[in-house]
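Undergrad: Fold the following for me, if possible:
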Amino acid sequence: MRKAHVFRKGSSRQVNKTRLVATAGVQSAHPRARGLRRGLALHLNHDGIERDCLETQARIEQAIAAAYCYTVDIVDVNTLARVLTVQRHADSTSPALDLMMHGYIAKSPSRPTIAVSVDTLKWLYHLRQQKPNYSIEAFAKVVCDYYNIPYRRHLREVFGDTFEIYLRITRSVHPKIYKALGWDEENWRVKNACHACCYKLENEPELRFGRLIAMDGNNSLKRIATTAHRTAADTRALHDSDYFLSTDFVNQYANEVRGKSSKGPAVKRKDQDSDDESDGEAQGLPAEGDPTDGLRLLDDSDRNDPQAARRQRLASCTKNWKSAAKEDCKKMWGIFDEAGIFAAACQHGLLLWVTDMVCSGELAKYPLAVISKTLELLGERPLIGYDVGCSFNVTTEKSSLGPAFAASGGRFCVCAFHGYSHSYTCQLEYHPNVIVGAGLEDLETMERIFSLTNMLASVTRYASPYRRRLFIEAYFRQLDEDKYLNAGTFVLSDYKQALGVIHSDAATLLEAMHSLSITDKDLDNWENEQVDFFSWIGEEHPHDVHAVAYVERLQELRHLDSQRRNANAQFLAFAPPAHEANYTKDLSATRRVETAHRHANERYNRVHNDVCDLELQMGIGHRWTTTTPEYIAAIKYIKEHKYLLALNKVQKLVVQRLTELLNMNIAQTGYSMRAHISKSLQTRSKAIQNAVAVYNAAAAALDPPRPPLDWQEIGTYQFLEQFALLQDTCHDVRGKRWVEPAVRACMKMRLRICRAREEVERLNIEVRHLHTAIRNERILFRRVRDRLQTARDPILGAVLEFIERRQRINNELLSHVHQVYNLDGFTGTKGPEGGAADDDQLADQEVDILEGDEEQEALGHLVEFISALSIT
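TA: Numbers count the residues shown, from 1 in each chain. Sure, this is the predicted structure:
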């Protein structure tokens, strides 16, 4: 690298050459020369003063002659210039500031030898915002191609350092813009970023759920840990981001749920000493729990509650989730500092919060921290979609946030796509399709976001903690801007979808119900029947459990009564032999008889008390005898107990399999959804094979033995009627109307129509939110623009640039808002709050603002030009 040439003022020829090079350098920093000249003309005409060009040139030469001058190698893709000569005043504080005045960012602050133009870094910034995995090295190669030179490796480091400075500058300007607009209050972004969700109107209808939120974890944005005992060069930390939740805040919920004791050695990082291991891990004490560990906290009192018992049976939903999490943890904890991120977003895709999963998998503290922030900032009645929302619901109830979340009226659900891998019992309670107020939203928002952020992995995996967060935050800001722009399309497409469901399915449903001679009341009853059936199928009914326990205790009581009578008779009839006079031996025999008598009575009394307790619980007025019908039925049930349990298990799995096969045949089910359900069915089929094996063993033990089941035949069943063995269970459903395919299709169609109507109700409110917010933003922008122009605030240029871009996005949103208003079937109120808006007048105001922007931009170029020439 050629060193910078620094020299003092010299001959007139040298000064003139320096002036020409410096002037060219200044103009190269502003390629829009036409706008610059126009701005100069506007400025001169505005003052109305005739200036003498010779006098101005003399002043410029005088200022340059009083300055230090030096040359610096530069990179500028617009001009392809290679050298810049910079004049530096005696009172200059930093060469980096001098270069910035010329439109360049230096690699080093004190003795810069190379600098990159702001325009070049702006190109890199926009490329990285739209293509996050676009590497610095690739950009350096492109620049070398522009300059028609071989690739220079040192440019990768030059662009890396200067690009970070560029990000830090833009990041520092952003809060100043928000402050000028009055958007600088704490947590403003979370409360106001999504107008469709956050904006509130006076006297607007109250929806069942105030906010729809999705949250999930992702491990693609991992970061390699510092290797053994090496000191990191970059020790900075980014703590002031309004996206990331602090580690201290998240750790407040670290001990809300405890996991199982770890068996075996704890996983350590490569740079961790053996002495650093926590006492809890070393002694095998419970570690931090994951989002599903709340199910383990159900105590005996909870298990007697039918609702808690139903939630306990949802544990099977998380078995695969836990297995995958454990497998990931084995591979990641040892080499990664940040093992990924846990994030939450609104239904429209705008990010709410992000937190790093530090040296761990997806623990319960991360979603609990998000729930805490949701309750604090986002109001009441949130509907939160989470992959394991069914079990995390119990975890939240058992945490310190449980009472507050219950009071808020919120609830959890599973995301629509992932929900099909859960048990059918879970789907009937936690799938969005069956939740009143959820609309047509699938709450798979985070999966769409993670599919985009996965591209960041290649540029953050080996970055420092500071740069990793800097890159992630910059991309999330761009992502939020893209999602905000997409809000109009989101509302329009969802409205069209909801109207399509209502118009196309409603007539079909009425015709089908008429042909089947069923009513809405019938469908309501059958839906409740279906929920009850899947709640208890495969499990023992509580009455049967109590009856079996009662009969078993009665049998034991009769046996103990016989023993007690014998013991009493022996005790009363006992007498020591008269021909033996051994007192010690006689005493020992007497004590044995007395002890046997006492123990027999104690055992009898204990069982007798149990029988009395069961009679009170079951409401039995007269004790059952061997001739009582209930007693006879219980004896039969005991004999076939194992057989019936095995048979009910097979029935449950087969019914779930057939129901999901029906889902695969539903019209408009996409290929990805079919593949996802098919994979779930493969797992379900293995469970059926195991259940069939248990059943065959129980059937063979009966007298007479029942015929075995053939897995090959069951595996091919497609309709419930084909499984003739179901009639032999205590829960025969073949005669139920709700298992008929035509009736089930009607039930699903009606649910979808109900959700579509809820979606229309929500969209009617959201479209007015957007329209009102856009109108109020325009009023705010004009007021702020006038105030900053009057005060000649230095932030004016940046604010006007932000307003210009925001107004163009808002105009795009307005076009979609009017398309919604013009839809056939629109049922909401047209126009923003407070009356109809004159959009033509607002558009004229927008033109005025943009024209004012252009004039101010030209004047801004003039100010920078004069400042760069250092005229004093």
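Undergrad: Distance check, the nearest residue in space to residue 254 that is not next to it in sequence against residue 793.
TA: The shortest distance from residue 254 to any residue other than its chain neighbours is 4.8 Å, reached at residue 365 (CB to CB, 6 or more residues apart in numbering). For every residue, glycine as well, the C-beta is placed using N, CA and C. Between residue 365 and residue 793 the distance is 43 Å, computed by CB to CB, to the nearest Å.
Undergrad: Pick out whichever of these two has more residues nearby.
TA: Per other CB atoms under 10 Å, whichever of residue 365 and residue 793 has more neighbours is residue 365, with 26 against 15.
Undergrad: what sits against that one?
TA: 250-254, 256, 288 (CB atoms under 8 Å, 6 or more residues apart in numbering).
Undergrad: Inside helices: which ones of those residues?
TA: Those of the contacts of residue 365 mapping onto helices are 250-251, per DSSP state H.
Undergrad: Closest one of the contacts of residue 365 to residue 86?
TA: residue 250 (47.3 Å; CB to CB).
Undergrad: Lowest-confidence member of the contacts of residue 365, which is it?
TA: When the contacts of residue 365 are compared by pLDDT, residue 288 scores lowest at 72.
Undergrad: what pairs with it across the strands?
TA: For residue 288, the beta-bridge partners under DSSP bridges are residue 258.
Undergrad: looking at it, it is touching residue 360, isn't it?
TA: Yes - checked against CB atoms under 8 Å, the pair residue 288 and residue 360 is within contact range at 7.1 Å.
Undergrad: how many neighbours does the closest residue to residue 175 other than its chain neighbours have?
TA: Of all residues beyond its chain neighbours, the one nearest residue 175 is residue 184 (6.6 Å), with distances taken as CB to CB, 6+ apart. Look at residue 184: counted by other CB under 10 Å, it has 12 neighbours.
Undergrad: Among the contacts of residue 365, name the buried ones.
TA: By neighbour count, with 16 or more other CB atoms under 10 Å, the contacts of residue 365 hold 250, 253-254, 256, 288 as buried.
Undergrad: now those as CSV including distance to residue 748?
TA: Below are the buried ones among the contacts of residue 365 laid out as CSV (distance: CB to CB, whole Å):
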residue, distance to residue 748
250, 40
253, 38
254, 42
256, 38
288, 40
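Undergrad: Helix or strand next in line after the stretch of helix or strand residue 72 belongs to, which one?
TA: Using DSSP states H and E, residue 72 sits within strand 68-75. Next helix or strand after strand 68-75 toward the C-terminus (DSSP H and E): strand 83-88.
Undergrad: what lines up beside that following strand in the sheet?
TA: strand 68-75 (antiparallel).
Undergrad: mean confidence score for the partner strand?
TA: 86.
Undergrad: what about residue 289, distance to residue 133?
TA: Distance from residue 289 to residue 133, by CB to CB: 34 Å.
Undergrad: neighbour-wise, which of the two wins?
TA: residue 289 (23 against 13).
Undergrad: On the pLDDT front, check that one for me.
TA: pLDDT, residue 289: 70.
Undergrad: So it is in contact with residue 362, correct?
TA: No - assessed by CB under 8 Å, residue 289 is found out of contact with residue 362, at 10.9 Å.
Undergrad: Now do the shared contacts for these two.
TA: Counting by CB under 8 Å, 6+ apart, nothing touches both residue 289 and residue 362.
Undergrad: Quick one: residues contacting the nearest residue to residue 187 once chain neighbours are set aside.
TA: Excluding its sequence neighbours, the residue lying closest to residue 187 (CB to CB, 6+ apart) is residue 377, at 5.6 Å. Going by CB under 8 Å, 6+ apart, residue 377 touches 187, 190-191.
Undergrad: Tell me which of those residues fall in helices.
TA: Those of the contacts of residue 377 lying in helices (DSSP H): 190-191.
Undergrad: most surrounded residue in the contacts of residue 377?
TA: Neighbour-wise, the contacts of residue 377 (other CB under 10 Å) top out at residue 190, 22 neighbours.
Undergrad: Centroid-nearest residue for the protein?
TA: Nearest to the centroid of the C-alpha atoms of the chain, with distances taken as CA atoms, centre = their mean, sits residue 215, at 1.8 Å.
Undergrad: That one: what's it in contact with?
TA: 342-345, 367, 370, 384-386, 446.
Undergrad: Check the secondary structure at it for me.
TA: Taking DSSP: H, G, I helix; E, B strand; the rest coil as the rule, one finds residue 215 in the strand state.
Undergrad: Can you report how many residues lie near residue 357?
TA: Using other CB under 10 Å: residue 357 sits among 23 other residues.
Undergrad: Are we agreed that it is in a strand?
TA: Yes - counting by three-state DSSP, residue 357 is part of a strand.
Undergrad: For it, which residues are in contact?
TA: 217, 219, 338-342, 363, 366.
Undergrad: By neighbours, which of the residues you listed wins?
TA: Neighbour max across the contacts of residue 357 (other CB under 10 Å) = residue 366, 30 neighbours.
Undergrad: list the buried ones in the helix or strand hosting that residue?
TA: Counting by DSSP H and E, the element that carries residue 366 is helix 365-377. Across helix 365-377, burial judged by 16+ other CB under 10 Å covers 365-375.
Undergrad: Kindly report the same for stretch 776-786.
TA: Result for stretch 776-786 [16+ other CB under 10 Å]: buried residues 777-778, 781-782, 784-785.
Undergrad: Helices - which of the residues you listed land there?
TA: Short answer: the buried residues of stretch 776-786 in helices (DSSP H) are 777-778, 781-782, 784-785.
Undergrad: farthest-separated two in those?
TA: Among those, the pair separated by the greatest distance (CB to CB) is 777 and 785, which sit 12.1 Å apart.
Undergrad: For residue 461, list the residues it contacts.
TA: 222-224.
Undergrad: Same question for residue 554.
TA: Per CB under 8 Å, 6+ apart, neighbours of residue 554: 611, 623-624, 631.
Undergrad: of these, buried ones?
TA: Using 16+ other CB under 10 Å, the buried ones in the contacts of residue 554 are 611, 624, 631.
Undergrad: and of those, the nearest to residue 551?
TA: residue 631 (6.2 Å).
Undergrad: any idea how far residue 625 is from that closest one?
TA: Using CB to CB, we find residue 631 at a distance of 7 Å from residue 625.
Undergrad: one step back: check the buried residues of helix 365-377 against residue 584 and report the nearest one.
TA: When the buried residues of helix 365-377 are compared against residue 584 (criterion: CB to CB), the nearest one is residue 365, at 69.4 Å.
Undergrad: quick check, residue 338 in a strand?
TA: Yes - under three-state DSSP, residue 338 sits within a strand.
Undergrad: partners of it in the sheet?
TA: residue 223, residue 358.
Undergrad: Wait, it touches residue 354, no?
TA: No - taking contacts as CB under 8 Å, residue 338 lies outside contact range of residue 354: 11.1 Å.
Undergrad: how about residue 384, secondary structure?
TA: strand.
Undergrad: For it, name its beta-bridge partners.
TA: Beta-bridge partners of residue 384, as defined by DSSP bridges: residue 213, residue 412.
Undergrad: which residues touch it?
TA: Residue 384 neighbours (CB under 8 Å, 6+ apart): 213-215, 371, 374, 410-413.
Undergrad: got it, and residue 166?
TA: Residue 166 neighbours (CB under 8 Å, 6+ apart): 105, 118, 121-122, 124-125.
Undergrad: can you pick the most crowded of those residues?
TA: Top of the contacts of residue 166 by neighbour count (other CB under 10 Å): residue 121, with 24 neighbours.
Undergrad: That residue touches residue 105, doesn't it?
TA: Yes - if you go by CB under 8 Å, residue 121 and residue 105 touch, sitting 6.3 Å apart.
Undergrad: Between those two, which contacts overlap?
TA: Counting by CB under 8 Å, 6+ apart, the residues touching both residue 121 and residue 105 are 162, 166.
Undergrad: picking that back up, could you save the buried residues of helix 365-377 as JSON lines and add columns showing distance to residue 349?
TA: JSON lines is the format used below for the buried residues of helix 365-377 (distance: CB to CB, whole Å):
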{"residue": "365", "distance to residue 349": "25"}
{"residue": "366", "distance to residue 349": "20"}
{"residue": "367", "distance to residue 349": "19"}
{"residue": "368", "distance to residue 349": "23"}
{"residue": "369", "distance to residue 349": "21"}
{"residue": "370", "distance to residue 349": "16"}
{"residue": "371", "distance to residue 349": "20"}
{"residue": "372", "distance to residue 349": "22"}
{"residue": "373", "distance to residue 349": "18"}
{"residue": "374", "distance to residue 349": "17"}
{"residue": "375", "distance to residue 349": "22"}
